[in-house]
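Participant: Provided below are the primary sequence and the corresponding predicted coordinates.
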Amino acid sequence: MGMSVGSSGGRAGRRGRRGRHSAPISEINVTPFVDVVLVLLIIFMVSAPLLTVGVPIDLPETRATPMEGDVEPIAISVDVDGRVFIQDTEIPLDELIPKLEAIAVNGYDQRLYVRGDQDADYGVIMKVMGRINAAGYKRIGLVTLEEQGS
C-alpha cells in the first residue's frame, strides 16, 4: 500500500513539472537583436568611408555652392599625370565614351562629375569634358572643394 501511494505521488509530481515547462514564454529577449544591430552599425560605419572614389586627387577650391543630386553620379577623375579614371579604374582617353555608354544607368541624362587635380594639365581636363559633351552627356559637373577663408 505504501508503494502505490509513492508511485502515484511520483506521477503527480512529474505531471506538475511537465505543466510548468510547457507554459508559454511571455517575454521577448531583445538582447541578441541589439547585439546584431550594433555589429551591423559598426560594419557600416567602418565601410562607409571606403565607398568613396579612391583616386588621390588634390581638388581646387571655389566659392560655388554644392549641387544636389538624386542618383549617384559617375565620377571621372584626372590625376596630376593626366591619367583618366572612371570611379577607381584607369582607362585610356579613347575608351572614355564607350565605357560611359556601357555603365550610365540613365543614359545621356546620367550626372557625371569630373574631378581634376588642381595641378593637372588644364588641356587634359578640357579634352575629357569636351569628349563627354560631344558624346551627348549634358549633366556634367566639376568637383571642387569649398574655398577656405574670405
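Facilitator: Good, I have the coordinates. Numbering: from 1, shown residues only.

Participant: if you go through the chain in chain order, where are the helices?
Facilitator: 2-21, 31-47, 96-103, 122-134 (DSSP state H).

Participant: Pull out the buried residues from the second one.
Facilitator: When you say that, I think you mean helix 31-47. Residues of helix 31-47 include none that count as buried (16 or more other Cβ atoms under 10 Å). Yep, even glycine has a C-beta here, placed from its N, CA and C like the rest.

Participant: re earlier: mind telling me which of the helices of the chain the model trusts least?
Facilitator: Here the lowest mean pLDDT among the helices of the chain goes to helix 2-21, at a mean of 50.

Participant: Pairing partners for residue 84 in the sheet, please.
Facilitator: In this entry, residue 84 is beta-bridged to residue 78, residue 91, by DSSP bridges.

Participant: What of residue 145?
Facilitator: Beta-bridge partners, per DSSP bridges, of residue 145: residue 61.

Participant: Hmm, residue 59 and it touching each other?
Facilitator: Yes: the pair residue 145 / residue 59 is scored as a contact, 4.6 Å apart, by Cβ atoms under 8 Å.

Participant: So which of the two has more stuff around it?
Facilitator: residue 59 (15 against 11; other Cβ atoms under 10 Å).

Participant: Now do the phi/psi pair for that one.
Facilitator: For residue 59, the backbone dihedrals (degrees, to the nearest 10) come out as phi -70, psi 140.

Participant: list the contacts for it?
Facilitator: Counting by Cβ atoms under 8 Å, 6 or more residues apart in numbering, residue 59 makes contact with 115-118, 143-145.

Participant: Residue 128: neighbour count?
Facilitator: 22.

Participant: How much space separates it from residue 64?
Facilitator: 19 Å (Cβ to Cβ, to the nearest Å).

Participant: likewise residue 33?
Facilitator: Applying Cβ to Cβ to residue 33 and residue 64 gives a distance of 45 Å.

Participant: Also residue 23?
Facilitator: For residue 23 relative to residue 64 (Cβ to Cβ), the value is 68 Å.

Participant: any idea how far residue 31 is from residue 44?
Facilitator: 21 Å.

Participant: cool, residue 30 as well?
Facilitator: 20 Å.

Participant: now swap in residue 89 and tell me
Facilitator: Counting by Cβ to Cβ, the gap from residue 89 to residue 44 is 25 Å.

Participant: I am finished for the moment; much appreciated.
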